[in-house]
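> Compute the structure for the input listed below.
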Amino acid sequence: MQRMTKILGLCTVLLTGIAVTSPVAADTAPDKAIEYRQQLYQTLGANLTAIVLNLRQEVAFQENIPTHADTLAAILPLIKAATEQNTAGQGSARTQAKPEIWSDWDTFARLADESVTAGQRLAEVAAAGDMQALGQQVQATAATCRACHDRFRN
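Sure thing, here's the model as predicted:
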């Protein structure tokens, strides 16, 4: 019992430390901020590709489509916060992000919000299991991604 109390106390201290320090994105080194952002985009791309492979029947894992769609819906809302720190011209990490993201933040934020809405709808359609509707929503979701990439990505 005494050991459990110590473990719970340690967990509380660690979690409090994480909660207090984690929202300080402005203090993130530019290279790490870029790396984090790129990891989110890679996760989005991998899950969207997995859905498309299933829709094209190139793989037979249709039962996983809702999980991939849920992952997209969970990651898309993280994009705005992950991009908020202006890393244009900073650090040594290679990035395709254009400086216009930060000079035209309102447009970027609007397009990111549209992607979030499309991703949420994708998760709903995937859960329903209608493959035709899913194909249409994949195209709609990809179009929101493309709108942002066309404007803000090299």
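
> Okay, and the residue nearest to residue 80 when sequence neighbours are not counted sits in which element?
Nearest residue to residue 80, sequence neighbours excluded (C-beta to C-beta, 6 or more residues apart in numbering): residue 112, at 4.7 Å. To be clear about C-beta, it is placed using only N, CA and C from the backbone, and glycine gets the same treatment. Per DSSP states H and E, residue 112 falls inside helix 105-128.

> Let me see the contact set for the residue nearest to residue 138 when sequence neighbours are not counted.
Of all residues not flanking residue 138 in the chain, residue 51 sits nearest, at 5.9 Å (C-beta to C-beta, 6+ apart). By C-beta atoms under 8 Å, 6 or more residues apart in numbering, the contact list for residue 51 reads 65, 68-69, 126, 134, 138.

> Packing partners of the helix or strand following the helix holding residue 112?
Following helix 105-128 in sequence order, the next helix or strand is helix 131-152 (DSSP H and E). Applying 3 or more C-beta pairs under 8 Å, 6 or more residues apart in numbering; DSSP states H and E, we find helix 131-152 packed against helix 30-55, helix 100-103, helix 105-128.

> Now do helix 131-152 against helix 105-128: the angle between them, please.
Orientation of helix 131-152 against helix 105-128 (axes from the mean of the first three to the mean of the last three C-alpha atoms, to 10 degrees) gives an angle of 160 degrees.

> List the buried residues for helix 131-152?
Applying a neighbour-count criterion of 16 or more other C-beta atoms under 10 Å, one finds 134, 137-138, 141-142, 144-145, 148, 152 buried in helix 131-152.

> can you tell me which two in these are farthest apart?
134 and 152 (27.2 Å; C-beta to C-beta).

> which one of the contacts of residue 51 sits closest to residue 47?
Nearest member of those to residue 47, counting by C-beta to C-beta, is residue 68, at 4.3 Å.

> Low-confidence ranges, this protein, go.
1-26 (pLDDT under 70).

> switch to 50 and redo it
Applying pLDDT under 50 to the chain flags the ranges 1, 3-22, 24.

> which residue is nearest the middle of it?
Compute the mean C-alpha point of the chain, and by C-alpha atoms, centre = their mean the closest residue is residue 75, 3.1 Å away.

> For the residue nearest to residue 133 when sequence neighbours are not counted, list the residues it contacts.
The shortest distance from residue 133 to any residue other than its chain neighbours is 5.1 Å, reached at residue 125 (C-beta to C-beta, 6+ apart). Residue 125 makes contact with 69, 133-134, 137 under the criterion C-beta under 8 Å, 6+ apart.
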